[in-house]
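Chemist: Sequence unavailable; structure follows:
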């Protein structure tokens, strides 16, 4: 049976396409779920209109993705992580970490699966491509430094994040180390 797809159907086609499917599949699944309509002359006219609106939506989506790609292309994200003397990280910088940092820095929330990178496991500078399916392939610059060198790195870069990172490091250094013991604290004497 020939049907016109009203929505994208897995392994059959995209909305607006005329496809040949088994009669039972069309009668029992596609038509009752409003995923397709029988290919009549009236429905073929509607399908043409559906194709035009789908093309307009696709063009608008491509335009938004291109604008998004221009906004995030070349953004530098800096991470401070603990690392061994060899430069290997104790842990890693994952695509989720990159997504969160991008959201905090630019306010743009992208799906972490669009970030084309395995977890980064060593100190250095990395070019991380982002898949947006557009003509522009944005690349994020990810810099990983040791935790203790983060404030210095940000200060050298003239970043606005430097004062906050330096203040956090100073507070961490100034906090006295408190040892936990099972002995009760001595009681003050009344002398």
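Modeler: Received it, and whenever you're ready, just let me know what you need. Keep in mind the model is a prediction, meaning the values are calculated, not measured.
Chemist: This structure: strands as residue ranges?
Modeler: Using DSSP state E, the strands found in the chain span residues 2-5, 18-20, 36-38, 76-81, 88-93, 120-122, 124-129, 139-146.
Chemist: closest to residue 158 out of these?
Modeler: strand 76-81 (11.9 Å; C-beta to C-beta). For the C-beta atoms, the positions are set from N, CA and C on the backbone; glycine is no exception.
Chemist: Average pLDDT for that closest one, rounded please.
Modeler: Confidence for strand 76-81, expressed as mean pLDDT, is 93.
Chemist: any idea how far residue 98 is from residue 141?
Modeler: Counting by C-beta to C-beta, to the nearest Å, the gap from residue 98 to residue 141 is 11 Å.
Chemist: What of residue 97?
Modeler: 15 Å.
Chemist: ok, those two, which is more surrounded?
Modeler: residue 97 (19 against 14; other C-beta atoms under 10 Å).
Chemist: wait, doesn't that one sit right on residue 79?
Modeler: Yes: counting by C-beta atoms under 8 Å, residue 97 sits close enough to residue 79 to count as a contact (6.7 Å).
Chemist: can I see the domain layout of this structure?
Modeler: Per automatic domain parsing, the structural domains of the chain span 1-41, 70-174.
Chemist: Relative to residue 63, which of those is closest?
Modeler: Of these, nearest to residue 63 by C-beta to C-beta is domain 70-174, at 9.1 Å.
Chemist: Give me the distance from that closest one to the chain's centre.
Modeler: How far domain 70-174 lies from its chain's middle: 13 Å, per C-alpha atoms, centre = their mean, to the nearest Å.
Chemist: ok so, going back, and the strands of the chain: which comes nearest residue 11?
Modeler: Each of the strands of the chain has some distance to residue 11 by C-beta to C-beta; the shortest is strand 18-20, at 10.3 Å.
Chemist: Go through that closest one and flag the buried ones.
Modeler: The neighbour-count criterion (16 or more other C-beta atoms under 10 Å) identifies residue 19 as the buried residues of strand 18-20.
Chemist: list the helices and strands it packs on?
Modeler: On a contact count with 3 or more C-beta pairs under 8 Å, 6 or more residues apart in numbering; DSSP states H and E, strand 18-20 meets strand 2-5.
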